[in-house]
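Visitor: Predicted structure and sequence below. I'll ask about it afterward.
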Amino acid sequence: MLFRVLGPIELPAVLAAKPRVVALLLLTGGNRPVSLDAFVDELWPRHPPVSAVANIRTYLSRLRQEFPGRISSGGGGYRFEVGPGELDLAEFTALVAAGRADADHRPAQARESLRAALELWRGQPFMGETVGPVLQARAAAAQDDYLAAVELHSELLMRDGDPATAQRLLRDTVDGNPLRERLRSLLMLAIYQGGDPAGALQAYQQARSALAAELGIDPGPELSAIHQAVLRRDSRLLTAGAGDGNRPAPPFQLPPTVADFVGREDEIDHLTTLLRRPVPVPGAGVTAVISGMAGAGKSTLATRAGHEVAELFPDGCLYADLRQPDGTATPLGPVLGRFLRALGIPDEAQPRTGQERADQLRSLLAGRRVLIVADNATEADQVRRLMPGPGSALLVTSRALLTVPGAHLIELRPLSTAAGVALLDRIAGGGAVAAEPEAAAAIAELCGGLPLGIRAVGIRAVGIRAVGIRAVGIRAASQPGPALGHLAARLRDERQRLDRLTVGDLDIRSSLALSYRRLDPPALALLRTASVLPVRTFAPWLPAALLGIPEPVAYSLAEQLCDAQVLTRTGAERYALHDLVRLSAAEQPGPPAGELLAAAGEAFLAAALTANLRLPGRPMTLPAPVSPEPGAGAAPVEWFETELDSIRTLVAPLVAAGRVELAARLATATVNFCVLRGRVDDWAATHDVLPADAALPNGTGALLALSVGSLHRFRDDNRTALPHLRRAYELYRTVNDAAGMAGAALGWSVAAQQLGRREEAIAAYGRATALLPMLDGTPAPGYVHLAFRQPISSSPEEESAALSRALEIFEATGDAWGGAEAHTFLADGYRRRQLPAVAARHARAAVVAYTELHDPMQLTVAEIVLATVYLELDSVEHARALATRCLARATRIGHRWGVASARRIAGRIELLEGRPTAAVPLLTAAMDGYREMGLTDAVELTQALLAEARH
């Protein structure tokens, strides 16, 4: 052997400690690549130094010098090329595997393989080395293989009539492993076959004393059975090679895996890695729990993984379904009894209670390698009582999120669209997927990636019906079924989808219904409530409001539903339903969906108005909430960020249900947030679905008209905005709402001013100022003063005074957005008064405020003003950088004024730097943009610059 690691290591090179560990990790990796992360974890399991990766590269460089041509990189790591017969550990493992494979049919070859393997053993692998977790686990696995080889070799020696050699081998091994009962049992048998019954009984007493002293337990069933047989002087022991001389063949109860299994490569790799790797904790076996919603393919995955690793468990593979047809838990006692019978324990030798049977099974598995697959577990206690000792493994599937100490949890998600299409192709066959790829992808998505649903559709696609499965067998593959496009169209109709996902025993509705049977009534009520709402995700406050329960209770119920795999966590205390769960749960009994939809709308309205009261800017006056939602006001901006999508989703169904006024009030409740964050598209999305001719109470109609007019104004479409703003003013006047009248009049004034209608702008502004005495103590007067600009103001000084007063009001009322607006307008006013230094100070303050408010639209406006000021301060480079940034942002968010203004500044810069030819297209594009928006003053200014560039 060129490389020896069984016992003290022997390498053909002298290496320092850490390079030696790197070499060992590579050598024993089975010619598979080892990642840099794996090296770091091995060398420094707890606190790797900053230079860890650099150090490892140095060690690898040294190893390449010592072992030229053997170390290569690729596949995400480094690999050490080890040839046949060069590494004792690899040879040992192969010989032990060969011995196991030949034990039943070629015992002579098995004995030779095992003898050769044991000759390679010089002691625990890596003896004397300080190694990390991976090498420790490999050493533990090799130690298990060594003990199993000693046991099997001794058994074969006794079968061949050589108990003396077996006895010597076993005595040497028992001394180092005094608590391994399988070794003790074989030693008793070898001593008895050697003609020394008293010695065999003495060996039993020694085993009993060691187990009592170290573990506080009595000998297990196998050791006790041999003891009783020795006391009886049972002649069958003289020819037995194991505990009873007639050990049955290892059981193999795994169901066959499905032939059309696809996807799940990562999960299979993860599971097989877990099951192949021994647990480095003494006395523990491997337990893995696959959890997931109904129809996700948990059982199929577990069966496939079990077949992948079956060769690692030569003593058998056991299988049980732990759920009864009605969804209740299967009693564990009968399951354990079946396992014991499969392992050779007759009914009369089994204890009566389930716990005693679990203890007997654990004792029987000691020293053996058995895989247990427990399907459809419903309770954590079922898993705990089946957890095996070292060498064996337990693979569990469950719809519930079972928390079992020491178990590895794998949450099985639905298939990706690509994997779902591949599964559909396997089942449907006949080129159906290739003929209609888009329909196939739609089917995979409409089934929510659940293999059970995809399988049902695939069977329908080949023309198989339930009667065909049960009565006449599966029809010929040539039997034409409905086209995939037809099936996809049927699935898009939510009223039919669950019906279309049922073929014979494949019934997604029944499968999901089993998940509901174990739910408490309050949890089921929450699930049903969430299922009939169109929102994509929800937080506990919403079901709490709809069910009339405290929010902590709603949170607890939602977590229970997540543990039952019928809800999915999408973030901190936020939840979603799978589409098929939503459809299925909506069929459960409960209040009418229309009532819950309206209640959800009212709940969101109360929460949105509560959050609005605490926003750092409220340019539109909204009504106070009738029933405040305290949680929404604690962090109002964050609340709107999280819930705006749900509000958008609710508006259209409310309109369809005839609750147009509620829909309008809910849509307008988001306006201040949309203004604050420049979310014009979201603002439009909630308003575009509202009918233009809806008969609304004057107060709601006024608010909606003001919101629609303001939306058009923010879209730089002042012509369309004007009639809405005029109508808003008139409607507010009918309900005597001073704040609403002032807001509508101001919007009216600004729109008219932008369109060059100076007299109309001045008249509308006069309507707003007349209302100032009734608005004291609110931010509204600040917005009135904010609009006191050209052409309304008679002088620049008057304008600055009004804007300064607006800034004072906004600061006093905590309106950060209004304050930022005041700084922007002050900056523009001081620029026009040729006070660029003062203008720059206000513009920077506006930029800082809008940045903190995350308002990209108004930030663009402020930066355009600041860039213009920079030009007047001869800071061309600063202006260029701002113009470039503003053009990119304005283009991205669809801010037409920002695009045109950024181009105008860029054109001015080209003019200033003597490049009029480059300035012309920029200024032309800017002028066209202003003209489309009807901004006459901006058009005239840009025309003057363009004329200068052309001449």
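Guide: Received it, and whenever you're ready, just let me know what you need.
Visitor: Would you map the strands across the protein?
Guide: 7-8, 71-74, 77-80, 125-127, 286-291, 317-321, 371-375, 393-398, 408-411, 502-503, 506-507, 537-538, 568-571, 574-576 (DSSP state E).
Visitor: okay, those strands, which one's buried deepest?
Guide: Most buried of those by mean neighbour count (mean count of other C-beta atoms under 10 Å) is strand 393-398; its value is a mean of 27. Yep, even glycine has a C-beta here, placed from its N, CA and C like the rest.
Visitor: Output the contacting helices and strands for it.
Guide: helix 265-276, strand 286-291, helix 298-309, strand 371-375, helix 380-384 (3 or more C-beta pairs under 8 Å, 6 or more residues apart in numbering; DSSP states H and E).
Visitor: Looking at those, which is nearest to residue 417?
Guide: Nearest to residue 417, of all these, is helix 265-276, at 15.6 Å by C-beta to C-beta.
Visitor: And the helices in the stretch 51-200 of the chain?
Guide: 52-66, 88-102, 107-120, 133-159, 163-176, 181-193, 197-215 (DSSP state H, counting those that start in this stretch).
Visitor: Name the stretch among the ones you listed that sits most buried.
Guide: Taking mean count of other C-beta under 10 Å, helix 181-193 is the most buried of the helices of the stretch 51-200 of the chain, at a mean of 26.
Visitor: Which one, of the helices of the stretch 51-200 of the chain, ends up nearest to residue 719?
Guide: That would be helix 52-66 among the helices of the stretch 51-200 of the chain, by C-beta to C-beta, at 62.9 Å.
Visitor: pLDDT on that closest one, on average?
Guide: Across helix 52-66, pLDDT averages out at 91.
Visitor: Can you list the neighbours in contact with that helix?
Guide: 13, 15, 18-19, 22-23, 26, 36, 39-40, 43-44, 49, 71, 78 (C-beta atoms under 8 Å, 6 or more residues apart in numbering).
Visitor: try 7 Å
Guide: For helix 52-66, contacts defined as C-beta atoms under 7 Å, 6 or more residues apart in numbering pick out 13, 18-19, 22-23, 36, 39-40, 44, 71, 78.
Visitor: How about stretch 792-799?
Guide: 761-762, 765, 788-790, 802, 829, 832-833.
Visitor: mind redoing it with 6 Å?
Guide: 762, 765, 789, 829, 833 (C-beta atoms under 6 Å, 6 or more residues apart in numbering).
Visitor: Would you list the buried entries among those?
Guide: Buried members of the contacts of stretch 792-799, scored by 16 or more other C-beta atoms under 10 Å, are 765, 789, 829.
Visitor: Excluding chain neighbours, what is closest to the second one?
Guide: Distances taken as C-beta to C-beta, 6 or more residues apart in numbering place residue 799 nearest to residue 789, at 5.3 Å, with adjacent residues excluded.
Visitor: Distance of the one you found relative to residue 830?
Guide: 10 Å (C-beta to C-beta, to the nearest Å).
Visitor: do residue 68 as well
Guide: Counting by C-beta to C-beta, the gap from residue 68 to residue 830 is 75 Å.
Visitor: next one: residue 186
Guide: For residue 186, the distance to residue 830 - C-beta to C-beta - is 98 Å.
Visitor: What of residue 878?
Guide: Residue 878 is 17 Å from residue 830, by C-beta to C-beta.
Visitor: Would you mind telling me which of the two has more residues around it?
Guide: Between residue 878 and residue 830, counted using other C-beta atoms under 10 Å, the more crowded position is residue 830 (22 against 16).
Visitor: Please name the nearest non-neighbouring residue to the more buried one.
Guide: Nearest one to residue 830, counting by C-beta to C-beta, 6+ apart, is residue 839 at 3.8 Å.
Visitor: Over to residue 341?
Guide: residue 347 (6.9 Å).
Visitor: what's the neighbour count on the one you found?
Guide: With other C-beta under 10 Å as criterion, residue 347 counts 8.
Visitor: contacts for stretch 27-36?
Guide: So stretch 27-36 is contacted by 3, 25-26, 53, 56, 75-80, 87, 89, 138 (C-beta under 6 Å, 6+ apart).
Visitor: Let me have these in TSV, adding distance to residue 338 as columns.
Guide: Formatted as TSV, the contacts of stretch 27-36 follow (distance: C-beta to C-beta, whole Å):
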residue	distance to residue 338
3	46
25	43
26	45
53	52
56	51
75	44
76	44
77	44
78	48
79	45
80	46
87	42
89	38
138	35
